[in-house]
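Novice: Structural data only, the sequence is not supplied:
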DNA sequence: TATACTGAAGACGAAATTTGTCCGATTGCC
DNA sequence: GGCAATCGGACAAATTTCGTCTTCAGTATA
């Protein structure tokens, strides 16, 4: 019950891209080094993002990756699902037409509800939002309590 | 990014207990067989539930397990967290005081938000709710579409 | 054209987690 | 005491995660 590192790395990589001037490419090497992500692993993750159309790749010397859309138009949900596949709590929600839940599908209904709640959060958060949040936190001072009361109240933060 | 089978089995096991007359014990053997859950696995899962105080165990001949509280007083969240541990998307939300997220903890904030959304759903759903939902579905006929529009509207259901 | 530099794609493998199984110890009823 | 049940931990198979490596393909530059 965790977001995998792949998903986490993907988000961090895209944040890195989004922070550059629009249209400016960044090499895997650069992103990997600056974000402390294993290079080969990041390369593979970016391939998913290219395939889904979130970033464009430029091959050859002087190549690299660029964000394909504006950071305000990329949601965290897109990123995560591009990398980890569709967020799904239970097998029977997956695709099989017939549910194998012996307890009846009350469970499926519940799980669906829960996962929708989660997806909703990721869907309404864009890359741009993340960057702004990051900047705001940095401004407040890095030595303050790192976790508490950061963003439990979405409305207030916005 | 899935609820594990252990968690699923745990919920189904408790539903089984809850359906019995209050105070009546059920053996692992019975629950396991009726819910199609591997016996040894279920036994281990129930141990967690005993430790947390959701069920009481009766040892010796004629023993088994009983629900320790009323089904209206047991939330799905308690069950899941008893078995899988606290629901936590990211390492830095876990317990370590210092966050290791190089991207700044904007990510942690977001993940916390998402996981809270999910926990909220599980927290407001009790064993009793699940059973009622199950009964309602059974009444409507087992051959109908298994997934759709079951419980996406919590208020309406209640 | 040759070469150096970049990503693309997939095979491979180590490590961690999930999903169980097994067996002896313990506890309590008869 | 004997039987019936859980307790608790060691063990193991399967799956997933995490990451590396190698080979190939495309592009810019000399």
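Specialist: Thanks, I have the structure now. Keep in mind the model is a prediction, meaning the values are calculated, not measured.
Novice: Would you mind measuring from the nearest residue to residue A:123 once chain neighbours are set aside to DNA strand C?
Specialist: For residue A:123, the nearest residue in space outside its immediate sequence neighbours is residue A:77; the separation is 4.4 Å by CB to CB, 6 or more residues apart in numbering or on different chains. Placement of C-beta: from N, CA and C, glycine included. With distances taken as CB to the nearest atom of the strand, to the nearest Å, residue A:77 is found 22 Å from DNA strand C.
Novice: what's the burial count for the closest residue to residue A:3 other than its chain neighbours?
Specialist: Leaving aside its chain neighbours, residue A:3 sits nearest to residue B:89 (5.0 Å; criterion: CB to CB, 6+ apart). If you count neighbours by other CB atoms under 10 Å in any protein chain shown, residue B:89 ends up with 24.
Novice: tell me the secondary structure for residue B:89?
Specialist: When classified by DSSP: H, G, I helix; E, B strand; the rest coil, residue B:89 comes out as coil.
Novice: Surely it touches residue B:116?
Specialist: No: Residue B:89 is not in contact with residue B:116 according to CB atoms under 8 Å; the separation is 10.0 Å.
Novice: got the buried residues for stretch A:39-48?
Specialist: Judged by neighbour count using 16 or more other CB atoms under 10 Å in any protein chain shown, the buried positions of stretch A:39-48 are A:42, A:45, A:46, A:48.
Novice: restrict those residues to those near DNA strand C?
Specialist: residue A:46 (CB under 7 Å from any atom of the strand).
Novice: gap between residue A:111 and residue B:84?
Specialist: Relative to residue B:84, residue A:111 is positioned 13 Å away (criterion: CB to CB, to the nearest Å).
Novice: likewise residue A:52?
Specialist: On the measure of CB to CB, residue A:52 and residue B:84 end up 30 Å apart.
Novice: ditto for residue A:54
Specialist: As judged by CB to CB, residue A:54 and residue B:84 stand 31 Å apart.
Novice: These two: which has the busier surroundings?
Specialist: Between residue A:54 and residue B:84, counted using other CB under 10 Å, the more crowded position is residue A:54 (24 against 16).
Novice: I'd assumed residue A:78 was in contact with the more buried one.
Specialist: Yes: the pair residue A:54 / residue A:78 is scored as a contact, 6.3 Å apart, by CB under 8 Å.
Novice: one step back: output the buried residues of stretch A:39-48 in a markdown table, with secondary structure and pLDDT appended to each entry.
Specialist: A markdown table is the format used below for the buried residues of stretch A:39-48 (DSSP: H, G, I helix; E, B strand; the rest coil; pLDDT from 0 to 100):
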| residue | secondary structure | pLDDT |
| --- | --- | --- |
| A:42 | helix | 98 |
| A:45 | helix | 98 |
| A:46 | helix | 98 |
| A:48 | helix | 97 |
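Novice: Quickly name whichever of the buried residues of stretch A:39-48 is closest to DNA strand D.
Specialist: Top of the list for closeness to DNA strand D, among these and by CB to the nearest atom of the strand, is residue A:42 at 8.3 Å.
Novice: Count the neighbours of the nearest residue to the closest one once chain neighbours are set aside for me.
Specialist: Computed as CB to CB, 6+ apart, the closest residue to residue A:42 that is not its neighbour in sequence is residue A:32, at 4.8 Å. Number of residues near residue A:32 (other CB under 10 Å) recorded here: 21.
Novice: Against residue B:46, how distant is residue A:32?
Specialist: 46 Å.
Novice: For the residue nearest to residue A:42, give me its contacts.
Specialist: A:38, A:39, A:42, A:43 (CB atoms under 8 Å, 6 or more residues apart in numbering or on different chains).
Novice: ok, the last one touching residue A:28?
Specialist: Yes: the pair residue A:43 / residue A:28 is scored as a contact, 5.0 Å apart, by CB under 8 Å.
Novice: name the helices or strands packed onto the longest helix seen in chain A?
Specialist: What stands out as the longest helix in chain A, according to DSSP state H, is helix A:106-123. Applying 3 or more CB pairs under 8 Å, 6 or more residues apart in numbering or on different chains; DSSP states H and E, one finds that helix A:106-123 contacts helix A:76-84, helix A:91-94, helix B:5-19, helix B:106-123, helix B:127-139.
Novice: among those, which gets the worst mean confidence?
Specialist: Of all those, helix A:91-94 carries the lowest average pLDDT, namely a mean of 61.
Novice: count of neighbours near the residue nearest to residue A:114 when sequence neighbours are not counted?
Specialist: Of all residues not flanking residue A:114 in the chain, residue B:121 sits nearest, at 4.2 Å (CB to CB, 6+ apart). Using other CB under 10 Å, residue B:121 is surrounded by 20 other residues.
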